[in-house]
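1. Sequence and computational prediction follow.
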2 protein chains.
Amino acid sequence: MRFSLLSTESAHGPRRGRIETVHGTVETPVFMPVGTQATVKTLDPRDLHADSCEVLLCNTYHLYLRPGHETVKALGGLHRFMGWDRAILTDSGGFQVLSLAKLRRISEEGVAFQSHLDGSRHVLTPEKAVEIQLALGVDILMALDECPPHDADRAYHQSSMERTLRWAARCRAAHPGDQPALFGIVQGGTQPELRARSAEETRRIGFSGYALGGLGIGEGSAAMYATVQETTALLPTDAPRYLMGVGTPQDLLECMARGVDMFDCVLPTRNARNGTLFTGTGRINIKGAAHARDERPLDPDCACYTCRHFSRAYLRHLYAAGEILGLRLNTIHNLHYYLDLMRQARQAIEAGRFAAWQAATLARMRGEPTTSQHAQEIRTDD
Amino acid sequence: MRFSLLSTESAHGPRRGRIETVHGTVETPVFMPVGTQATVKTLDPRDLHADSCEVLLCNTYHLYLRPGHETVKALGGLHRFMGWDRAILTDSGGFQVLSLAKLRRISEEGVAFQSHLDGSRHVLTPEKAVEIQLALGVDILMALDECPPHDADRAYHQSSMERTLRWAARCRAAHPGDQPALFGIVQGGTQPELRARSAEETRRIGFSGYALGGLGIGEGSAAMYATVQETTALLPTDAPRYLMGVGTPQDLLECMARGVDMFDCVLPTRNARNGTLFTGTGRINIKGAAHARDERPLDPDCACYTCRHFSRAYLRHLYAAGEILGLRLNTIHNLHYYLDLMRQARQAIEAGRFAAWQAATLARMRGEPTTSQHAQEIRTDD
């Protein structure tokens, strides 16, 4: 993996970059759709190609349990298994172990847990997390970390963060090279001193990229944005920064403005399956009776397959009738919205006018009328 | 609608024909995928176009209840509503009323029933069935009929068939023209005299096409094939014959051989969602553990998207993991299998060697080795 920083507006402001992998180039800032169980729910690879999607996130915990990393390896690796020829990043499995598995117990060694599928017993160590991800054959591996609850006390945040650092060093030792890339994860809750210590030590260990973990889990937007700003300032400029599991369109804009290069989140895909759809002027709940005879597309400014071919009335009908096509068309739309938002952001950074674009985009999301000048500016981004 | 008979091998043997509608040409014999609620489950119109699908069947009962025929009409008709620009045939609603609705009661007037969705009360008359289908704006309407249980006694079969004839005349009167086309339905169970009476009277009323109803509902293959053979012999040669709700690949071959031009069935799509997949050499249950590390496609001779890109192991994983993509990839495959089988049949009829093709195809389905001559013959059909 190679990262190039193409342009920045300021030292810790929005960044335009490029990640090169053996599975193609990833233009940053980038949003990574989540393909938990080796599929972005409801979509096939053609749908993702149609949106110029360049990188997916898959979940190590799920793939380790089913179908098993050895099975995926025997079948030629995750790319071949799922028919995806672009880049893949996997998380370490730690987050899902702590949120999904039963009877989990954290020790210095790692995390002992029981599968949520069949109750079978497993131990995820830093070395094992690397082994699984290498077997999957992905492009970017994540070091094993612990993501404590945001409201854990300071002592827990500190001890957890220190253990995550020791785990990071063990992951690095288990995979000292750079092919595939290994990213470290900065923890420390919302405490600046803990984040600073974590960032410094994670840098010292040395990774191909640096993630911000433990955010977007209930600490609130203001605390998250402040922590992102403080932390990115402590990270190297020549490596990608990845804010894990975040977030809303607003979050993406605010955190790109603070120097984040990579995002992933289940929000667009999960919301799609719940009937909550993103548009340039805010969210739509497609279940509403108001849409029953609405011939309009979800978003008249959207170029996705769904908006080019189907009405709100049809989408509402599919949702009401429990038809799978509805989940799929909604997902196509929401992912297009996210990926297109990032494309616009990249163009705005290249043009040196991210702040103006961000302000206009946020105003439209809030339903505020844009001035004709702003509208013009938005249109030329398309 | 215009039907042209292009070629026949014998007076009552397989027929190669063409139906022209304002929504394009339908080459016959044809299999119509079922789009019950204005979507072929899991698929979008692009998937159907990719298989050169020329006509869909949609269900009047379902669309009448939800979203309502008036709503569909207000939205520009069913084609526009569901984004499908090729031909659509609707059933009359009678079959679903009798199989799904609650507290149904048949009288000379029609069928009174309660919605299976909300218990609301409705009456489906012949005139109403035509009105609903006209509001949907489809290309081929079906007359309202009753499909009695195959093991009803002869007296019931007779009285039901006579009432269906009176309903057919009322449908014809409610829609005397030919744009869109209206098909009559021959009933009479498996009793040759009743079928003959029904065929004769339905012809006398006069329709653009003739359906065989009340078959494939438990009477057994031998009885069905015999009834089809006897009935098609009594139908005009210059109108399409449609065997409703049938059937397995074997059924399609046997009934094409007996002069049927049109089929519809939920089998390929429903089986796909249950993990039962059709191949040239028989069925595969994708749930089986034997597929867990099987790198092969479902059918190495299949050109569908699923077989060109994904392994049995991946399809099994998606099924086991409950992923919607699995249902979709399975459906793409099964429909491709059905539509390709019909394409091969049309070519065989054109070449005047349907019987040889049928024998070789049935032998392969049963897993019998084909001679190299047969294999060659099959290949040149591709």
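-> Done, it's in.
2. C-alpha only now, for contacts and for neighbours.
-> Fine.
3. At the contact with chain B, which residues of the stretch 251-382 of chain A appear?
-> Proximity of the stretch 251-382 of chain A to chain B (C-alpha under 8 Å from any C-alpha of the partner chain) is limited to residues A:292-293, A:295, A:309-311, A:314, A:317-318, A:321, A:323-325.
4. hey, where'd the strands end up in the stretch 201-350 of chain A?
-> Here the stretch 201-350 of chain A has its strands, by DSSP state E, counting those that start in this stretch, at A:209-212, A:241-243, A:262-264, A:276-279, A:282-285.
5. Now mean neighbour count, distance to B:Val34 and mean pLDDT too, for those, in TSV please.
-> Formatted as TSV, the strands of the stretch 201-350 of chain A follow (neighbours: other C-alpha atoms under 10 Å in any protein chain shown; distance: least, C-alpha to C-alpha, whole Å; pLDDT from 0 to 100):
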stretch	mean neighbour count	distance to B:Val34	mean pLDDT
strand A:209-212	26	48	98
strand A:241-243	26	45	98
strand A:262-264	22	37	98
strand A:276-279	22	28	98
strand A:282-285	15	29	96
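6. re earlier: could you tell me which of the residues of the stretch 251-382 of chain A next to chain B count as buried?
-> By neighbour count, with 16 or more other C-alpha atoms under 10 Å in any protein chain shown, those hold A:292-293, A:295, A:309-311, A:314, A:317-318, A:323-325 as buried.
7. Tell me which of these fall in helices.
-> Of those, the ones assigned to helices by DSSP state H are A:309, A:314, A:317-318, A:324-325.
8. least trustworthy helix or strand in chain A by mean pLDDT?
-> helix A:372-380 (a mean of 39; mean pLDDT, DSSP states H and E).
9. contacting residues for A:His309?
-> A:297, B:83 (C-alpha atoms under 8 Å, 6 or more residues apart in numbering or on different chains).
10. make that A:Gly35, sorry
-> A:41, A:56-59.
11. and what of A:Thr42?
-> Contacts of A:Thr42 (C-alpha under 8 Å, 6+ apart): A:327-328, A:331, B:323-325.
12. Let's see that with 10 Å instead.
-> A:35, A:269, A:273, A:324-332, B:42, B:323-328 (C-alpha atoms under 10 Å, 6 or more residues apart in numbering or on different chains).
13. follow-up on the earlier one: which two of the ones in helices among the buried ones among the residues of the stretch 251-382 of chain A next to chain B have the greatest separation?
-> Greatest spacing in those, by C-alpha to C-alpha: A:His309 and A:Ile324 (16.7 Å).
14. thinking again about what came up before, closest to A:Glu108 out of the buried ones among the residues of the stretch 251-382 of chain A next to chain B?
-> A:Ile324 (44.4 Å).
15. Just the element for the closest residue to that closest one other than its chain neighbours, please.
-> Among residues not flanking A:Ile324 along the chain, B:Thr42 sits closest, at 5.2 Å (C-alpha to C-alpha, 6 or more residues apart in numbering or on different chains). Secondary structure assigned from DSSP states H and E places B:Thr42 in neither a helix nor a strand.
16. Give me the helices and strands touching the helix or strand harbouring A:Glu162, please.
-> Using DSSP H and E, A:Glu162 maps to helix A:154-174. Packing partners of helix A:154-174 (3 or more C-alpha pairs under 10 Å, 6 or more residues apart in numbering or on different chains; DSSP states H and E): helix A:126-136, strand A:140-142, strand A:181-186, helix A:192-205.
17. switch the cut-off to 8 Å
-> helix A:126-136, strand A:181-186, helix A:192-205 (3 or more C-alpha pairs under 8 Å, 6 or more residues apart in numbering or on different chains; DSSP states H and E).
18. Next, the buried residues of it.
-> Counting neighbours by 16+ other C-alpha under 10 Å, the buried set in helix A:154-174 is A:157-158, A:160-172.
19. Show the average pLDDT along that helix.
-> Taken as a whole, helix A:154-174 carries a mean pLDDT of 98.
20. and if you look at stretch A:66-80?
-> 98.
21. cool, stretch A:349-368 as well?
-> 95.
22. Pull out the buried residues from that stretch.
-> A:349-350, A:352, A:354-355, A:357-358, A:360-365.
23. starting at the chain centroid, how far to it?
-> The chain centroid and the centroid of stretch A:349-368 are separated by 21 Å, computed with C-alpha atoms, centre = their mean, to the nearest Å.
24. Over to that stretch now: how far is its first residue from its last?
-> 23 Å (C-alpha to C-alpha, to the nearest Å).
25. Quick check: which of the helices and strands packed on helix A:154-174 is nearest to chain B?
-> helix A:126-136 (13.9 Å; C-alpha to the nearest C-alpha).
26. residues from the stretch 51-200 of chain A in reach of chain B?
-> A:66-67, A:71, A:74-75, A:81-83.
27. Look up phi and psi at the residue nearest to A:Ile324.
-> Here is the backbone geometry of B:Thr42 (degrees, to the nearest 10): phi 80, psi -10.
28. One more: A:Leu89?
-> According to degrees, to the nearest 10, A:Leu89 has phi -110, psi 140.
29. check contacts around it.
-> Here A:Leu89 is in contact with A:55-58, A:138-142 (C-alpha under 8 Å, 6+ apart).
30. Please apply the same query to A:Pro33.
-> Contacts of A:Pro33 (C-alpha under 8 Å, 6+ apart): A:40, A:55-57, A:264-266, A:269, A:335.
31. so what's the residue most central in space within chain A bridging to?
-> Residue closest to the average C-alpha location in chain A (C-alpha atoms, centre = their mean): A:Asp264, at 0.7 Å. For A:Asp264, the beta-bridge partners under DSSP bridges are A:Met32.
32. next one: A:Arg2
-> A:Glu20.
33. And the pLDDT at it?
-> At A:Arg2, pLDDT is 97.
34. burial measure for it, as a count.
-> 17 (other C-alpha atoms under 10 Å in any protein chain shown).
35. how near is it to A:Leu234?
-> 21 Å.
36. Then A:Glu131?
-> Distance from A:Glu131 to A:Leu234, by C-alpha to C-alpha: 29 Å.
37. could I get the buried ones among the residues of the stretch 251-382 of chain A next to chain B as TSV with pLDDT and distance to B:Thr8?
-> Converted to TSV, those look like this (pLDDT from 0 to 100; distance: C-alpha to C-alpha, whole Å):
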residue	pLDDT	distance to B:Thr8
A:Ala292	97	48
A:Arg293	97	47
A:Glu295	98	46
A:His309	98	40
A:Phe310	98	41
A:Ser311	98	44
A:Tyr314	98	42
A:His317	98	43
A:Leu318	98	42
A:Glu323	98	40
A:Ile324	98	41
A:Leu325	98	39
